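Undergrad: Okay, here's the prediction I keep looking at, along with the sequence it came from:
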Amino acid sequence: MNELEVKNLELVSDGYYVPLMEEFYTIQGEGFHTGKAAYFIRIGGCDVGCHWCDVKESWNASLHPPTHVNTIAENARNHADTVVVTGGEPLTWNMGPLTKALKQYKLKIHLETSGAYPLTGIWDWICLSPKKTKPPRDEWYQVANEVKIIVYNRHDLKWAEMHAERVSKDCALFLQPEWSKRNEVMPIITQYILENPKWRISLQTHKYIGIP
Ligand SMILES: C[S@@+](CC[C@H](N)C(=O)[O-])C[C@H]1O[C@@H](n2cnc3c(N)ncnc32)[C@H](O)[C@@H]1O
Ligand SMILES: Nc1nc2[nH]cc(C(=O)O)c2c(=O)[nH]1
Ligand code: SF4
Ligand SMILES: [Mg+2]
């Protein structure tokens with residue numbers, strides 16, 4: 001690490017600054033809230049290591065500028081009443097300060113997480129997307145509002161059921177094709193949902209319509 005990278009990591013250590021990769025106003029493309037306008041806040045830093053991750057540029061936190069949570073909240077308030085905090089893995093960092101700053105403006109705060117790290121922050125909606133390389137910590141199962149399993153092959157359906165058994169009874173259950181395997185896994189998913197209708201399909205609709 002060079003001097004600048006070390007300095008950046010020092011700034012983000014308490015959660016008042018976060019490594020901000022990008023922020024953008026778009027339409028939620030996945031899961032329960034698909035189709036809803038939202039302001040996305042993408043935070044850098046992740047060492048979960050999914051080989052098919054579609055934002056690998058987010059992984060190295062020190063490449064993304066430490067940004068004060070009040071600046072992020074100020075930007076967000078001008079766009080939509082819902083923000084989606086994603087990454088990277090946002091829970092790499094203490095999410096207390098960022099969620100508190102967003103709440104000043106009465107924004108609804110949605111989270112995309114793997115659940116690999118401790119729960120911090122105040123959330124209105126939690127999408128838990130478990131990963132085999134670093135499975136969710138116990139505390140995430142009771143608070144997840146939806147679980148979204150990425151299906152890369154047939155074995156992921158067994159993996160999906162393991163998580164379905166652990167979430168609350170109101171938790172919505174989604175199977176989402178891994179993007180590069182979508183043509184192969186779509187028939188497997190559709191057949192599985194017809195036989196197991198507690199599951200729903202989640203497509204990455206933003207990729208089909210060509211928006212961020
Ligand atoms: C990029 S991740 C960031 C948030 C967090 N690290 C996580 O994995 O939940 C956002 C969502 O995209 C999903 N995702 C990432 N790469 C994907 C891919 N190649 N195909 C389908 N979904 C993908 C993740 O499972 C997660 O639900
Ligand atoms: N439109 C849109 N919807 C999304 N839902 C989850 C996303 C993510 O990368 O976390 C995402 C994304 O990157 N774009
Ligand atoms: S946990 Fe999320 S951001 Fe991290 S590698 Fe996996 S999909 Fe990508
Ligand atoms: Mg995405």
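TA: That came through fine. Keep in mind that what you see is a predicted model, and the values were worked out from it rather than measured. Ligands and ions are numbered 1, 2, ... in the order given.

Undergrad: what about the longest strand in the chain?
TA: Counting residues, the longest strand in the chain under DSSP state E turns out to be strand 17-27.

Undergrad: Can you check what pLDDT the model gives the nearest residue to Q176 once chain neighbours are set aside?
TA: Nearest non-adjacent residue to Q176, counting by CB to CB, 6 or more residues apart in numbering: S202, 4.1 Å away. The C-beta positions use only the backbone N, C-alpha and C, and glycine is treated the same way. Looking at S202, its pLDDT reads 98.

Undergrad: and the gap between S202 and A76?
TA: According to CB to CB, to the nearest Å, S202 and A76 sit 24 Å apart.

Undergrad: quick one: the strands in this protein?
TA: For the chain, the strands defined by DSSP E cover 17-27, 37-43, 66-68, 82-87, 108-113, 125-128, 146-151, 172-177, 199-201.

Undergrad: In PDB, list the C-alpha atoms belonging to stretch 71-83.
TA: Taking Å, rounded to 0.1, in the frame of the first residue of the first chain, the C-alpha atoms of stretch 71-83 are listed here in PDB:
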ATOM      1  CA  THR A  71     -22.000  14.800   2.000                       C
ATOM      2  CA  ILE A  72     -23.600  11.600   0.800                       C
ATOM      3  CA  ALA A  73     -26.800  12.200   2.600                       C
ATOM      4  CA  GLU A  74     -27.000  15.800   1.100                       C
ATOM      5  CA  ASN A  75     -26.700  14.400  -2.400                       C
ATOM      6  CA  ALA A  76     -29.200  11.600  -1.800                       C
ATOM      7  CA  ARG A  77     -32.000  13.800  -0.400                       C
ATOM      8  CA  ASN A  78     -32.400  15.600  -3.800                       C
ATOM      9  CA  HIS A  79     -33.300  12.500  -5.700                       C
ATOM     10  CA  ALA A  80     -35.700   9.900  -4.300                       C
ATOM     11  CA  ASP A  81     -37.400   8.900  -1.100                       C
ATOM     12  CA  THR A  82     -35.600   5.600  -1.200                       C
ATOM     13  CA  VAL A  83     -31.900   4.900  -1.100                       C
END
